[in-house]
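Participant: I would like to see how this sequence folds:
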Amino acid sequence: VVMTVVSMVVVERAGRRTLLLAGLGGMAVCTVTLTATLALTHHGQWVSYLSVLGLIGFVVTFAVGPGSIPWFLVTELFGQSARSIATSIAVGVNWTANFVVGLAFLPLMEFVGQYTFVMFTVILVLFWLYIYKKLPETKSKTIEEISNMFRVRAYGDDEVAMTKLRTKT
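Facilitator: Alright, predicted model coming up:
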């Protein structure tokens, strides 16, 4: 909860995209740490302390990034008429994903063992790459500017493409 409040303050300085990427990257590092500590449990008690640090780091980076930033993005990426539906879908996807992770973790742990977090790391890295390539920074931009950024990405930056877009609508 504390880190979510911190992210609300930092988001205006750092930007939504930056915090989301930092959060996802931090979560990936923490899942690698958790995998390593599970593999090294026989090396002494110090490994358990490192494991706790990895878990705390995961929670902190989640709260700063993917835990709070989507709430900002939904309000900035959608116009007023679609915002309530988009928020409902975002909340539904968020809680469904949380439910699936919670439900799947123990069976995965039994099946894969100490390498369970490798799958989560792969998903986090893929999500990081997707956000890096597809999501523009929305800080201090109007809905029209954000829509235009997506339009330019979809149709190209040249005037011919923009003219085609204008004639289609």
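Participant: In space, what's closest to the residue nearest in space to the middle of the chain - neighbours in sequence excluded?
Facilitator: In the chain, the C-alpha nearest the mean C-alpha coordinate belongs to P66, at 3.9 Å (CA atoms, centre = their mean). Once flanking residues are discounted, P66 sits nearest to G23: 5.3 Å by CB to CB, 6 or more residues apart in numbering. For every residue, glycine as well, the C-beta is placed using N, CA and C.
Participant: that older thread, list the contacts of the residue nearest to the centre of the chain.
Facilitator: Going by CB atoms under 8 Å, 6 or more residues apart in numbering, P66 touches 20, 23-24, 27.
Participant: and with 7 Å instead?
Facilitator: Residues in contact with P66 (CB atoms under 7 Å, 6 or more residues apart in numbering) are 20, 23-24.
Participant: among these, who's most crowded?
Facilitator: Highest neighbour count within these, by other CB atoms under 10 Å: L20, with 27 neighbours.
Participant: how far away is that one from S140?
Facilitator: The gap separating L20 from S140 is 16 Å, by CB to CB, to the nearest Å.
Participant: Kindly report the domain assignment for the protein.
Facilitator: The chain breaks down by automatic domain parsing into domains covering 2-135, 139-169.
Participant: Using CSV, please lay out the ones you listed together with mean pLDDT.
Facilitator: Formatted as CSV, those follow (pLDDT from 0 to 100):
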stretch, mean pLDDT
domain 2-135, 90
domain 139-169, 71
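Participant: burial count for R16?
Facilitator: For R16, the count of nearby residues is 25 (other CB under 10 Å).
Participant: Pull out the buried residues from the lengthiest helix in the chain.
Facilitator: In the chain, taking DSSP state H as the definition, the longest helix is helix 80-112. Within helix 80-112, the residues scored as buried using 16 or more other CB atoms under 10 Å are 86, 90, 108.
Participant: Adding distance to A14, write those residues out as TSV.
Facilitator: Formatted as TSV, the buried residues of helix 80-112 follow (distance: CB to CB, whole Å):
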residue	distance to A14
A86	23
A90	21
L108	33
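Participant: surely L38 meets Q114?
Facilitator: Yes. Between L38 and Q114 a contact is recorded at 3.8 Å, counting by CB atoms under 7 Å.
Participant: quick one: buried residues of the helix or strand hosting R153?
Facilitator: Element membership for R153, per DSSP states H and E: helix 143-155. Judged by neighbour count (16+ other CB under 10 Å), helix 143-155 contains these buried residues: I146.
Participant: what are the ranges of the helices in the chain?
Facilitator: Here the chain has its helices, by DSSP H, at 2-14, 16-39, 46-64, 69-77, 80-112, 116-134, 143-155, 159-168.
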